[in-house]
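Enquirer: need coordinates for the below:
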Amino acid sequence: MYPSPKMSAYDRAATMFSPDGRLYQVEYASKIVSQGTLGLGLVYDKGVIFGADKKTASRLLIPESIEKLFVIDDHIAAVSSGLVGDARRLVEIAREKSQENMMHYEEPIHVETLVKEVSGIKQAFTQYGGMRPFGVSFIIGGVDESGKRLFETEPSGALAEYKAIAIGAGRNEAMELFEKEYKDAMSYEEGIALMLKAIKRVLPEHEKIDASRLDFGYIDLRMKYNQIPKEEMKIHLNNFSKK
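Expert: Just a heads-up that it's a prediction; the model follows:
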């Protein structure tokens, strides 16, 4: 997307509104997010499931070296889409905030509180000169005293809570599927199957889902993050392919 002469004067700083009320630098940051690989989050009957497609551009690339799914605390995790460097920086800040909360109050930070902290930092980078917006969106979720929580944060600093959410390339197609097929109190197996179906839907026809490109994890009612092993993902993929 190239700026027209009319808008070119307004896309040089994140702090400058155009006459039609747009912040072009923030929109460009959102464009980067839409080009990232698909990230998913879903609330099931006993917790929250996270999933990410780690598409590799080369067979020489080691999939495990690509970061999409981050553990913030025992009871909170995040999936990113967009600039991985930006994601790592914000995750580092989120981890510090979580540890500070434990040190000061001797209790785990609430998911919503942490999400608002991250969103506040993102928003600040759209408001002051000399800074650019973070080119990353997050799905942040977990389990705390208030229950199972799942949020999306955008480059603008906006946030919203969902039962199921997708970010990155193919977001619209995945959300259409979630709108049709998500149901409350889904089981663990049903949740993973729906997320695999969403990934399958947005993949080009010539590409196949492989466990090596998937990164899945979940947080259950014990408020503990669990990485889903590749061997278990192969079983879920095998069951999914039979349907």
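Enquirer: only C-alpha atoms for contact and neighbour calcs from this point on.
Expert: Fine.
Enquirer: contact partners of the lengthiest strand in the chain?
Expert: Ranked by residue count, the top strand of the chain under DSSP state E comes out as strand 136-144. By C-alpha atoms under 8 Å, 6 or more residues apart in numbering, the residues outside strand 136-144 that reach it are 29-30, 32-33, 39-41, 47-48, 75-84, 86-87, 108, 110-111, 115, 148-155, 165-167, 219-221, 223.
Enquirer: what are the ranges of the strands in the chain?
Expert: Counting by DSSP E, the strands of the chain are 39-44, 47-53, 69-73, 76-82, 136-144, 147-153, 159-161, 164-167, 214-220, 225-227.
Enquirer: and the fourth one, how far from the chain's centre?
Expert: Yep, that's strand 76-82 we're talking about. Averaging C-alpha positions (C-alpha atoms, centre = their mean, to the nearest Å) puts strand 76-82 4 Å from its chain's average.
Enquirer: residues making contact with that strand?
Expert: Residues outside strand 76-82 that contact it (C-alpha under 8 Å, 6+ apart) are 32-41, 50-52, 68-72, 87, 111, 135-143, 167-168, 219, 225.
Enquirer: hey, C-alpha coordinates of that strand in CSV?
Expert: Only the C-alpha atoms of strand 76-82 are listed here, as CSV (Å, rounded to 0.1, in the frame of the first residue of the first chain):
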residue,chain,number,x,y,z
ILE,A,76,-0.8,-17.2,31.3
ALA,A,77,0.4,-17.7,27.8
ALA,A,78,0.3,-15.7,24.5
VAL,A,79,0.3,-16.3,20.8
SER,A,80,1.8,-13.6,18.5
SER,A,81,1.4,-12.6,14.9
GLY,A,82,3.6,-9.9,13.3
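Enquirer: that strand pairs with which strands, and in what direction?
Expert: Here strand 76-82 has these sheet partners by DSSP bridges: strand 69-73 (antiparallel), strand 136-144 (antiparallel).
Enquirer: which one, of the ones you listed, ends up nearest to residue 232?
Expert: strand 69-73 (17.2 Å; C-alpha to C-alpha).
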